[in-house]
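Peer 1: Quick one, structure for this:
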Amino acid sequence: MRLLLYLFPTILFFSLTNCNDEKDNTIPTNGVTYRVGVTFNWTTSNHTSNQGDFPKNAHFFPVIGAVHKNNNSFFRTADLASPGIQLMAETGKISTLSSEIDLQISQGLVYDKFFAQGPASNSENKFISEIKAYENYHFLSLVSMIAPSPDWFIAARNINLKNEDGTWKNQVIIDLHGYDSGTDSGKEFTSPNHPTSPVDEITRFNGNDDIIFATLTLTRL
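Peer 2: Coordinates of the predicted model:
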C-alpha cells in the first residue's frame, strides 16, 4: 500500500500533463546558454531554525535540475513526494529522480536535465553547471538535499528564463528555501530515520524555519 501511495502522485501528474500538453516533436533550435551557479550560504550566523542546532557536518549533495515547459517542475507543494523526490530528500541519491525526468523527456515535457557538481561542504560553497534553454523549453527547476536532515531539500521551481516581452533574461538571482518532503517524521537536522506513515504532503519551511539556504544565479552566456 505504501508503494502505491508513493507512485500514485507521480502517475497522476504524468497523466494530467499528458492530457494538457501534446508532445512537441519539433527539434529545438537557437538555444540560449546559461551558467547555473548555486551558492550555499547556510551557516551558524543565519541558522535560526527551531529544528535543532546548526549541525557540525552541514553540507549539500549534488544538484539535479532540468529545462522544461511551463508548470512541469519535479514536485508541487501539497502533493505527495514521488519516489525520486523522497530518495533525493532522505539520502541525497538522485538516480531515481533522474529516471523520472527521463520519462518526462520522452513525453516531450522536459528538454534536458543537468547536474551541478561542487564541494561537499560550505568551505567552498558553489556548485556550477551550464544549461541550454529553447523557445518551447524556457523554464528551469532544480533540487538538492539539505544534509544532514530527515527529508529536507532546497528547490527552485518553474523559473522563467524569458521576460514578459519574450526576450531572454540576462540574469536571474533567486533565494532558495527549504522544503519538507513529508516522508520522514524527524524534527531536527540530526534526527534518526523515522518514516512517516502514511506519508504527508510536501510543504515549504515557514516562520523561523524559513532559512535562505542558498542563492541561485542564472547568467546568460
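Peer 1: residue ranges of the helices in the protein, please?
Peer 2: 2-20, 83-91, 95-106 (DSSP state H).
Peer 1: Any buried residues in stretch 66-85, and which?
Peer 2: Across stretch 66-85, burial judged by 16 or more other C-beta atoms under 10 Å covers 66-69, 72-75, 80-85. All C-beta spots, glycine's among them, are computed from the backbone N, C-alpha and C.
Peer 1: Present the residues you listed as a markdown table; the columns should include distance to Gly92.
Peer 2: Listed next are the buried residues of stretch 66-85 as a markdown table, based on distance: C-beta to C-beta, whole Å:
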| residue | distance to Gly92 |
| --- | --- |
| Ala66 | 18 |
| Val67 | 22 |
| His68 | 22 |
| Lys69 | 27 |
| Asn72 | 23 |
| Ser73 | 19 |
| Phe74 | 15 |
| Phe75 | 16 |
| Leu80 | 20 |
| Ala81 | 15 |
| Ser82 | 16 |
| Pro83 | 15 |
| Gly84 | 12 |
| Ile85 | 12 |
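Peer 1: quick one: which two of those are the most distant?
Peer 2: Val67 and Leu80 (24.9 Å; C-beta to C-beta).
Peer 1: where does this protein dip in pLDDT?
Peer 2: Residues of the chain that meet the criterion pLDDT under 70 lie in 1-29, 118-125.
Peer 1: Gln171: which of the buried residues of stretch 66-85 is nearest?
Peer 2: Distances from Gln171 to those, taken by C-beta to C-beta, are shortest for Val67, at 16.7 Å.
Peer 1: now the closest one: how far from Gly186?
Peer 2: Here the criterion is C-beta to C-beta, to the nearest Å. By it, Val67 lies 33 Å from Gly186.
Peer 1: Can you give me the separation between the residue nearest the centre of the chain and Lys126?
Peer 2: The centroid of the chain falls nearest to Val143 when counting by C-alpha atoms, centre = their mean (2.2 Å). Applying C-beta to C-beta, the value for Val143 to Lys126 is 17 Å.
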